[in-house]
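J.: My questions are about this predicted structure, shown below with the sequence.
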Amino acid sequence: MNRRTALAGVVALTTGLALAGCSSSDGEPELKVTGAFMPQPVSDMAAGFLVVKNSGGASDRLTSVTSSISDNVTIHETKNQTMRMVTSFDVPAGGELDLERGGNHIMFMKLKQQPKQGDKVSVQLHFEKADPIKVDLPVMETTHNPKKQ
């Protein structure tokens, strides 16, 4: 092997390692939750709303939500004014998952206690790739809708 071939091999290996290093940081979801709230429930059911922003270079999926306020917390999609339980929601790379009134949301069934306006309800969001995120949902008035303010 001559010097030029050896040098080309070293350059190729170094470039490949540098690119692999870049892709590992860009290839991870980077999730942040904003706008979280729960309208004060009027029965033993409640809904939760929030936005999951993903500034990372890889998509992720919200797969479940847990909370001490209910043993039955599910995620629901709303299409054509009909809601149904789903197993996950996409959180696109460089995008967001918007759980909002009239749309996709978190559903709490058989509440163990009745949260009141001013309380906070803790939930944990579970994802396919990212670590779980703990979020406190402030309990707002029953009709609260930040999209209409």
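T.: Arrived safely, thanks for sending.
J.: The spatially most central residue of the chain: what's its closest spatial neighbour, skipping adjacent residues?
T.: Centroid check for the chain by CA atoms, centre = their mean gives Val52 as the closest residue, at 4.1 Å. Sequence neighbours aside, Leu97 is the residue nearest to Val52 in space, at 4.3 Å (criterion: CB to CB, 6 or more residues apart in numbering). To be clear about C-beta, it is placed using only N, CA and C from the backbone, and glycine gets the same treatment.
J.: what's that neighbour in contact with, if anything?
T.: Counting by CB atoms under 8 Å, 6 or more residues apart in numbering, Leu97 touches Val51, Val52, Asn54, Leu62, Phe89, Asp90, Val91, Asn104.
J.: The closest residue to the last one other than its chain neighbours in helix, strand or coil?
T.: Which is Asn104. Distance criterion CB to CB, 6+ apart; nearest residue to Asn104, sequence neighbours excluded, is Glu77 at 4.9 Å. Under DSSP: H, G, I helix; E, B strand; the rest coil, the three-state class of Glu77 is strand.
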